[in-house]
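>>> sequence unknown, structure follows:
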């Protein structure tokens with residue numbers, strides 16, 4: 001049976017990747033929104049709706065005509081919970097590609113309301129967070145008692161994404177954040193404590209740094225025996241890491257915390273990656289490493305992934321969960337990060353169908 005899918009912010013690089021993935025499924029009838037009208041000569045296979053999220057009544061009407069809403073209109077640092085609240089009121093299932101701690105914290109407060117209305121709301125569903133979280137779950141399930149999670153990401157150039165993702169990167173540098181280390185919450189400064197991590201080819205050994213991601217607090221909740229969760233991020237080529245380190249540690253705090261400062265850095269970085277993407281590529285690699293007790297011994301299990309286009313991989317992460325909702329294979333009323341909502345067997349099934357290869361091994 002055909003179901004109506006509304007993709008908010010579907011004209012951006014991430015949103016359009018999500019739309020392309022969902023459009024492959026015959027159950028989906030897509031409506032994509034953006035703040036500006038399409039060019040007349042553009043031909044699309046979906047309905048297009050001009051919509052600003054500030055237009056609450058128009059937003060409410062659009063959601064009322066949907067079965068699933070996919071929120072791709074970042075940066076999520078600036079978003080409130082209006083979209084999810086309306087979805088819950090209307091009994092409409094919800095997905096998002098949120099990647100910011102503040103937004104994740106806000107929508108999780110709506111869990112009980114979603115349960116009461118029977119609404120399945122799955123958050124943080126892109127590539128990281130998203131596929132990365134499910135890779136952690138894959139690893140955790142190998143253990144009798146998982147104890148430590150080390151999750152690292154590296155992105156080449158722009159990752160094939162737009163300036164919004166650049167904004168998100170610099171927004172992640174604004175404030176120290178709380179990380180779960182050795183069984184207690186500790187304050188960590190972003191883009192510090194560089195370490196070299198081994199990723200699949202063509203990335204190999206790359207530098208990564210502490211980075212504020214929703215996983216820093218959703219993973220400890222999902223896997224309560226875990227005593228440490230480390231989330232680190234890096235860029236290719238490596239000089240971007242050094243520039244980001246300077247922005248996080250040298251620039252005046254007031255400047256990096258201002259909207260104007262973030263916008264300036266995002267625009268400059270975007271122009272730079274227009275050049276460097278030609279030789280660095282736009283791919284992504286993830287390494288999930290979990291240490292714990294297995295058969296009364298301390299062991300480490302590792303899961304890795306590499307994809308040539310970060311934006312496309314993000315579309316797979318969100319589109320796969322939309323597919324499971326469309327097919328009725330996933331139904332979990334409440335608000336859940338992807339690692340709590342998505343069983344590993346379904347995760348592996350949808351990744352295989354998209355040609356995503358995840359390598360797993362004991363170290």
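Now that the structure is in, tell me what you want to look at. Computed from a predicted structure; not experimentally measured. Residues are numbered from 1 along each chain as shown.
>>> mind giving me the domain split of the chain?
According to automatic domain parsing, the chain comprises the domains 3-125+312-356, 131-310.
>>> tell me what the longest helix belonging to the chain is packed against?
The residue-count maximum for a helix in the chain (DSSP state H) belongs to helix 259-280. Counting contacts by 3 or more CB pairs under 8 Å, 6 or more residues apart in numbering; DSSP states H and E, helix 259-280 packs against helix 163-171, helix 239-249, helix 253-256. The way it works is simple: take the backbone N, C-alpha and C, and place the C-beta from them, glycine included.
>>> Strands of the stretch 201-350 of the chain, start to end?
In the stretch 201-350 of the chain, the segments counted as strands under DSSP state E, counting those that start in this stretch are 205-210, 228-236, 284-294, 297-307, 334-337.
>>> now the third one and strand 205-210, what's the angle there?
What that stands for is strand 284-294. Taking axes from the mean of the first three to the mean of the last three CA atoms, to 10 degrees, one finds strand 284-294 and strand 205-210 inclined to each other by 80 degrees.
>>> what lines up beside strand 284-294 in the sheet?
strand 145-156 (antiparallel), strand 297-307 (antiparallel) (DSSP bridges).
>>> buried ones in the last one?
Residues 300, 301, 302, 303, 304, 305, 306, 307 are the ones in strand 297-307 that count as buried (16 or more other CB atoms under 10 Å).
>>> And for stretch 254-272?
256, 261, 262, 265, 266, 269, 270, 272.
>>> How about stretch 107-124?
Quick answer for stretch 107-124 (16+ other CB under 10 Å): 107-108, 110, 113-115, 117, 119-124.
>>> which one in this structure is furthest away from the centre?
Relative to the centre of the chain, the most outlying C-alpha is that of residue 296, 34.4 Å out, by CA atoms, centre = their mean.
>>> For the stretch 51-200 of the chain, which segments count as strands?
Under DSSP E, counting those that start in this stretch, the stretch 51-200 of the chain gives strands at 68-71, 93-96, 120-123, 145-156, 177-181, 184-188, 195-198.
>>> Buried deepest among those strands, which one?
strand 93-96 (a mean of 27; mean count of other CB atoms under 10 Å).
>>> elements contacting it?
strand 68-71, helix 82-90, strand 120-123, helix 310-326.
>>> With residue 287 as the reference, name the closest of those.
Among the helices and strands packed on strand 93-96, the nearest to residue 287 by CB to CB is helix 310-326 (14.5 Å).
>>> just the angle between that closest one and strand 145-156, please?
Using the same axes, to 10 degrees: helix 310-326 against strand 145-156 is 130 degrees.
>>> Check the offset of helix 310-326 from the chain's centre.
From the chain centre to the centre of helix 310-326 is a distance of 11 Å (CA atoms, centre = their mean, to the nearest Å).
>>> And for stretch 123-140?
8 Å.
>>> do the same with stretch 20-39
The answer for stretch 20-39 is 20 Å, by CA atoms, centre = their mean.
>>> Need the pLDDT of the closest residue to residue 274 other than its chain neighbours.
Of all residues not flanking residue 274 in the chain, residue 158 sits nearest, at 7.5 Å (CB to CB, 6 or more residues apart in numbering). According to the prediction, residue 158 has pLDDT 75.
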